[in-house]
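Asker: Fold the following, please.
(one chain, ligands or ions: 2)
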Amino acid sequence: MKISLTLNGRPVQADVAPRTNLADFIREQMLLTGTHVGCEHGVCGACTVEIDGEIARSCITYAVSCDGARVRTIEGFDDDALMARLRTAFTEEHALQCGYCTPGMLVAARDLVRRKSALSRAEIRTEMSGNLCRCTGYMGIVSAIERVMNDGDVQREARQSTWLGPAPGPQVSSASAEASPAAVLQRPAARPAAPLQPRPQRAPARRVAVTVGEVEEKDGIVNLAQSFVLAHPRAEVWRLLSDPQAAAACMPGASLDGPPVDGKVKGRMEVKLGPVAASFAGEGTVTQYPQEFRQVIEGQGGDKKSGSRVRGRVDYRLTETASPDGTPATRVDVLIGYGLTGMLAQIGRSGIARDLARHMGEVFAQNIDAALTDPASVPAGQGGISGISLAFALISERVRALLRRVVGR
Ligand code: FES
Ligand code: FES
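Answerer: Ligands and ions are numbered 1, 2, ... in the order given. Just a heads-up that it's a prediction; the model follows:
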């Protein structure tokens, strides 16, 4: 396929095979070998580049999906003053040893310094957790970023409203100017760090236990069942779940474009699994069986950047039951089936699928519970399925399982 893009400020036209990832294209066809390749599945961050001003993993981005885009590799930051400061700080703080991770670290660190300021060392670690280094132990990396973030010269330049680097430059739109170096640096140094705060929850979410059955894979489709009990009468739960927009608002990362039209809905699902981010846009059908308090949603969609596609089916049924104190409650039984193709197919592996389903099911159940208890509550996880919280949830679950096995022995 023929593609045209802007690479480090220069227009480039090339013939690429559809399966070629951006990292291979940059390194092997464009001979820009500053972009490194480590894990090749979106985990280590060595291949980080900028695409249209946002950092991205070039190893899980198809080159053809960058047709028309502005791509910037580490070589494209040679004249960038902010990057020069980071390079100096990395050298002086001994933030590299073999240097393999360094190009990706620098691109990610520059992005962080442009977007956020006044972060603690712990917050810098968390922000940079999508970039792995095998040598340095991270102390120097954190020190270098902290030093640039608190750099007096950087603050002075901000007061003079000068641009620190060529991109995004004065020609950017007002929306993206918000994230420009000058805009970032004009913020008061003492501005409290905004980033890691969850949105306020008006109703503290009650934990709702979710049972997940065995995961089966057949013909590329992962099937699993899960269930949970909500301490609300069935009619109330049905009223909420039978409204697709209200139900989507309770699902972490999901949103609908509008109400169903002839039983069809359009929407999107944001997934951020550690460093892997995807935005699936798609459409589906909603079929309701009110007599059975049952609803079936079927749909399919794709993520343009990674070229991944998903098709799936969610079938849930409500049964009347009672809480331990005898008040009316509702048991929700959910059958989920989905198939993933493309670079994100790893999410379909049974271990991850099970953990992911439990985590999402818990957030979904808690959001429904909170919405029924206090309709003004803000659903958790609407910024997308959080990589950090999910990673912690999955890791702690694995650690708990390991401990159970060890103690059991
Ligand atoms: S090589 Fe791309 S994230 Fe590791
Ligand atoms: S310096 Fe060697 S991997 Fe980071």
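
Asker: Please name the residues that touch Thr136.
Answerer: Contact analysis of Thr136 by C-beta atoms under 8 Å, 6 or more residues apart in numbering lists 94-97. Where you see a C-beta, it was placed from the backbone N, CA and C, and this is true even at glycine.

Asker: Would you double-check that it falls in a strand?
Answerer: No - if the criterion is DSSP: H, G, I helix; E, B strand; the rest coil, then Thr136 is coil and not within a strand.

Asker: ok, it to ligand 2 distance?
Answerer: Going from Thr136 to ligand 2 by C-beta to the nearest ligand atom, to the nearest Å gives 5 Å.

Asker: now the strands for the chain?
Answerer: Ranges of strands in the chain, per DSSP state E, are 2-7, 10-15, 48-51, 54-57, 70-72, 211-212, 216-218, 221-230, 254-256, 264-273, 276-289, 294-303, 308-322, 328-341.

Asker: Partner strands of the fourth one, with direction?
Answerer: The partner list of strand 54-57 in its sheet, established with DSSP bridges, is strand 48-51 (antiparallel).

Asker: Quick check: closest non-adjacent residue to Lys225.
Answerer: That one is not Lys; residue 225 is Ala. Spatially, and ignoring its direct neighbours in sequence, Ala225 is nearest to Gly213 (4.1 Å; C-beta to C-beta, 6 or more residues apart in numbering).

Asker: Run a quick neighbour tally on that neighbour.
Answerer: The local packing of Gly213 (other C-beta atoms under 10 Å) involves 14 other residues.

Asker: hmm, back to that, check the strands of the chain for me and report the most buried one.
Answerer: Between the strands of the chain, strand 48-51 has the highest mean count of neighbours, a mean of 25, where neighbours are mean count of other C-beta atoms under 10 Å.

Asker: With just CA atoms, put that one into PDB.
Answerer: In PDB, the C-alpha atoms belonging to strand 48-51 read as follows (Å, rounded to 0.1, in the frame of the first residue of the first chain):
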ATOM      1  CA  THR A  48       7.800   5.100  21.800                       C
ATOM      2  CA  VAL A  49       7.300   7.800  19.100                       C
ATOM      3  CA  GLU A  50       5.000  10.800  18.700                       C
ATOM      4  CA  ILE A  51       2.100  10.500  16.300                       C
END
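
Asker: what about stretch 28-40, average pLDDT?
Answerer: Stretch 28-40 shows an average pLDDT of 95 in the prediction.

Asker: Can you add mean pLDDT and give the strands of the chain back as CSV?
Answerer: As requested, the strands of the chain are arranged in CSV below (pLDDT from 0 to 100):
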stretch, mean pLDDT
strand 2-7, 96
strand 10-15, 95
strand 48-51, 96
strand 54-57, 94
strand 70-72, 97
strand 211-212, 83
strand 216-218, 78
strand 221-230, 86
strand 254-256, 82
strand 264-273, 78
strand 276-289, 83
strand 294-303, 88
strand 308-322, 88
strand 328-341, 87
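
Asker: could those strands go into TSV alongside distance to Cys133?
Answerer: What follows is those, written out as TSV (distance: least, C-beta to C-beta, whole Å):
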stretch	distance to Cys133
strand 2-7	26
strand 10-15	30
strand 48-51	13
strand 54-57	16
strand 70-72	22
strand 211-212	35
strand 216-218	35
strand 221-230	34
strand 254-256	34
strand 264-273	21
strand 276-289	19
strand 294-303	28
strand 308-322	28
strand 328-341	30
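
Asker: for these, which one sits closest to ligand 2?
Answerer: Closest to ligand 2 of these is strand 48-51 (C-beta to the nearest ligand atom; 12.8 Å).

Asker: got the end-to-end distance for stretch 270-280?
Answerer: With C-alpha to C-alpha, to the nearest Å as the measure, stretch 270-280 spans 6 Å from end to end.

Asker: before we move on, back to that, list the residues that contact the residue nearest to Ala225.
Answerer: Residues in contact with Gly213 (C-beta under 8 Å, 6+ apart) are 224-226.

Asker: State the phi and psi torsions of it.
Answerer: Gly213 adopts backbone torsions of phi -80, psi -170, taken as degrees, to the nearest 10.

Asker: How much space separates it from ligand 2?
Answerer: 41 Å.

Asker: what do you get for Asp80?
Answerer: 21 Å.

Asker: Could you give the number of residues near that residue?
Answerer: Look at Asp80: counted by other C-beta under 10 Å, it has 20 neighbours.

Asker: quick one: pLDDT of it?
Answerer: 93.

Asker: Over to the one 4 residues further on?
Answerer: Ala84 carries a pLDDT score of 94 in this model.

Asker: Could you report the neighbour count for it?
Answerer: Residues near Ala84, counting by other C-beta under 10 Å: 14.

Asker: Up against ligand 1, what does the chain have?
Answerer: 37-40, 42-47, 57, 59 (C-beta under 6 Å from any ligand atom).

Asker: Glu92: what's its closest spatial neighbour, skipping adjacent residues?
Answerer: Nearest one to Glu92, counting by C-beta to C-beta, 6+ apart, is Ala144 at 7.5 Å.

Asker: count of neighbours near the one you found?
Answerer: By the criterion of other C-beta under 10 Å, Ala144 has 26 neighbours.

Asker: Quick one: neighbours of the residue lying closest to Glu320 once chain neighbours are set aside, just the number.
Answerer: The shortest distance from Glu320 to any non-neighbouring residue, by C-beta to C-beta, 6+ apart, is to Arg234 (4.9 Å). Arg234 has 18 neighbours, counted by other C-beta under 10 Å.

Asker: wait, what's in contact with Arg234?
Answerer: Arg234 touches 293, 318-320, 328, 330, counting by C-beta under 8 Å, 6+ apart.

Asker: same thing but 10 Å
Answerer: Counting by C-beta atoms under 10 Å, 6 or more residues apart in numbering, Arg234 touches 293, 318-321, 328-332.
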